[in-house]
Structure formats: C-alpha cells, structure tokens
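Colleague: the sequence and its predicted three-dimensional model are supplied below.
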Amino acid sequence: MKRIGVLTSGGDAPGMNACLRALVLTAHANELEVIGFQRGFNGVLDQEYQTLSPYHVSGIIQDGGTLLKSARCPAMHTEEGLKQAAANLHDLELDALLVIGGDGSFRGVLELAPYYQGKLLGIPGTIDNDVDGSDFSIGFATALDTALDAIDKIRDTADAFERIFLVEVMGRHTGYLAVAAGIAAGAEQIICPELASELDLDKIAEHVEQARKHRGNCSYIIVIAETMYPGGASALAVDLEQRGIECRASILGHIQRGGRPVGADRILATKLGAYAVEQLVQGAHLMMAGEINGKAGLYPLALTGDKKKQVDSYLLRWQQQVAQY
Ligand code: F6P
C-alpha cells in the first residue's frame, strides 16, 4: 500500500479536522501518501484534490468545519457516477479510500465497492450520532455542548418570563441529540422519534398544565427533535397556542454543526483517525473504525445504517416518569 485517499462527506461535524490530522500523521508514519478530496465525493468526480502532508494538518486539531470541505453528492447514487468515481480513483493509483461521514455517506461507499478495486473504510463523523457500531460519532459531543449552551440561555429568559419554550434540535430522523440535550438541560419534556412517531398535542398540553399545577408558573422547556412535526417547532407552537398553551419556538439549527470541537471529540477523532489507517495497513476493507466501550474496533460498513443503536432508555423513562411533572 502506497497511496490512500480521504474525504469528508455529508453534514460537517466538529472534530473532522482532528480526525484528518491523526489520519495524515499516521499515514506519514507508515510511509503512505495521502490525497485529500474536496467537497466529499464531488472532489473524486471533479478531480479536485490535494496531497496532504503533516504540514497541512498542523494546527487544525482545534478547528471546526473541515479542511477538505464537505457536501452531499447525489451522483454517487447513479451507476454513471459510481463508475466515474472508481475510474478516477484507479487513475490516481489509490490503494484505499477513507470516508469520514455518516451512514448516508457510508451507503455511497458501499455502492462504490463493486466498481473500485482498492480498500474502503469509514469513520463515523456526524452530529446526529446515528451510526451503528460506535457509541459516539465525531461531532456529537460538541453539538451537545453547543445545544446546551443555547438552551441554558433560553432557560434564563424562560425563567424571567415564566414562559414555555419549544427548542428544536437537529438529528435528522433520530433523537440522540434531543434526548442528550433534553436530559442535560433539565428539560421538562423531550419529544423525539424514539418515543412516538406521531405527536399527541392534547397530551403535550396536558403535561404542561399538570406541571404548572404542581410547580406554579415557572419556566418550561420542551426539547423537540427536528422532523417531529410538519412545519417544525414554529408550527407546533402555533398549534399549541390554539390549545391555550402560549409558547415560543427556538430553532437551534446549524449552530449545532459549527464551533471548536470539545476535548471528547478531539480525542475520539484522533483515536479513530489513527486506528483507521493502522487497520487499513493490516488489510481492513469495507469496515468502519468505531469505538465501543472506550475501545476502538472495526464494524462492517454494511451494518452501520441498521438503526440498532438505542437512545438511553433508562434516562428517558426517568425523564418521563419523574422530571416531566
Ligand atoms: O446530518 C447532520 C445534519 O445536520 C442533520 O442533523 C440535519 O437534518 C441535516 O444535517 C441538515 O442538512 P443540511 O445542512 O444539508 O440542511
């Protein structure tokens, strides 16, 4: 093995740069040349790439975003796109391609496999934390802290006005971020896909009324995962007002994707970047480098999107039975 490629794909996540640094340093130590593709798989198709040396990754461990830029790439779901990508990788004489991204990006990798002769490896990088085979994905810990910082501030104004707030957090179709942020922020309600596929507005209103009966007119925060309500938290606020629950919606949005990675993300990213390259050298193929119970390990890429990972059901039950009222 002489030359490997790397790209960051899908939603950027804090810690992707730390991962690139570890990966390039480990490759260099193993006498491997690294080619970094720009804008995810688009860089493979458009042949936009650069050689990455230790010089290029020095001083980036603390940076949010990704040095390589990121993007989604619909062409990677077409036969033409996959064939072109494989041909371009072969032309560059790449022995392997490493993809840092979420399960959507890994699906692209799996689709590429029949056309590309080199090795393929994934590293979980997404704030959604919805990748099976790793307890945490790179970016989740930072996004959680960012959401908490925002919710704590909302709590101040909610306290001052004795107001009800709906805070919408990201997570695509999963509730990992919503549950973690809701628990850590001491939210009075958490609404996420793992609890209900459809919302019962009367129940939400009833919970608020009961809590206010028990606690008086204090602040009340509902953390809701995006995609839980048509039109989002703003539409839900309007519909709850029609049931006599006056509330304000706050959509945290893309601030959750940015910012300096917290220590936990830098450490995870460093571990997984280094481990992925070491495993590649050992011959790993079609695997994801993840971490379970603090230990790095390989997990089949084909299983990373199975949605077997669970939100913390113990804390969620406690929140519902005890902290909600
Ligand atoms: O996958 C990361 C994520 O931020 C999701 O939480 C969110 O649903 C989606 O990406 C937003 O994507 P975009 O930035 O393309 O709107």
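Modeller: Done, it's in. Owing to the predicted nature of the structure, the values given are computational and were not obtained by experimental measurement.
Colleague: neighbours around whichever residue of the stretch 201-325 of the chain sits closest to the ligand, how many?
Modeller: The nearest approach of the stretch 201-325 of the chain to the ligand comes at residue 257, 5.4 Å away (CB to the nearest ligand atom). C-beta: built from backbone N, CA, C; applies to glycine. Residues near residue 257, counting by other CB atoms under 10 Å, number 20.
Colleague: mind listing what it touches?
Modeller: With contacts taken as CB atoms under 8 Å, 6 or more residues apart in numbering, residue 257 has the following neighbours: 11, 12, 13, 14, 127, 139, 143, 170.
Colleague: so which residues on the stretch 1-150 of the chain come close to the ligand?
Modeller: 10, 11, 102, 126, 127, 128 (CB under 6 Å from any ligand atom).
Colleague: can you tell me how far the residue of the stretch 201-325 of the chain closest to the ligand is from residue 215?
Modeller: 34 Å (CB to CB, to the nearest Å).
Colleague: with residue 297 instead?
Modeller: Residue 297 is 45 Å from residue 215, by CB to CB.
Colleague: likewise residue 296?
Modeller: 45 Å.
Colleague: angles on the backbone of the one residue in the stretch 101-250 of the chain that gets nearest to the ligand, please.
Modeller: Scanning the stretch 101-250 of the chain for proximity to the ligand using CB to the nearest ligand atom identifies residue 170 as nearest, at 3.3 Å. Residue 170 has phi and psi values of phi -80, psi 180 when expressed as degrees, to the nearest 10.
Colleague: burial measure for it, as a count.
Modeller: Neighbours of residue 170 using other CB under 10 Å come to 24.
Colleague: which residues are in contact with it?
Modeller: 127, 128, 143, 177, 226, 252, 253, 254, 256, 257.
Colleague: let's see 10 Å
Modeller: When contacts are counted by CB atoms under 10 Å, 6 or more residues apart in numbering, residue 170 touches 11, 126-128, 143, 147, 177-178, 181, 225-227, 251-257.
Colleague: and the nearest residue to it once chain neighbours are set aside, how far is that from residue 140?
Modeller: Once flanking residues are discounted, residue 170 sits nearest to residue 256: 5.0 Å by CB to CB, 6 or more residues apart in numbering. Distance, residue 256 to residue 140, by CB to CB: 10 Å.
Colleague: quick one, which of the two is more surrounded?
Modeller: Taking other CB under 10 Å, residue 256 and residue 140 do not tie; residue 140 has more neighbours (31 against 26).
Colleague: re earlier: would you turn the contacts of residue 257 into JSON lines with pLDDT?
Modeller: Below are the contacts of residue 257 laid out as JSON lines (pLDDT from 0 to 100):
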{"residue": "11", "pLDDT": "98"}
{"residue": "12", "pLDDT": "98"}
{"residue": "13", "pLDDT": "98"}
{"residue": "14", "pLDDT": "98"}
{"residue": "127", "pLDDT": "98"}
{"residue": "139", "pLDDT": "98"}
{"residue": "143", "pLDDT": "98"}
{"residue": "170", "pLDDT": "98"}
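Colleague: mind giving me the domain split of this structure?
Modeller: What automatic domain parsing lists as the domains of the chain is 3-139+261-303, 143-257.
Colleague: many thanks, we can stop here.
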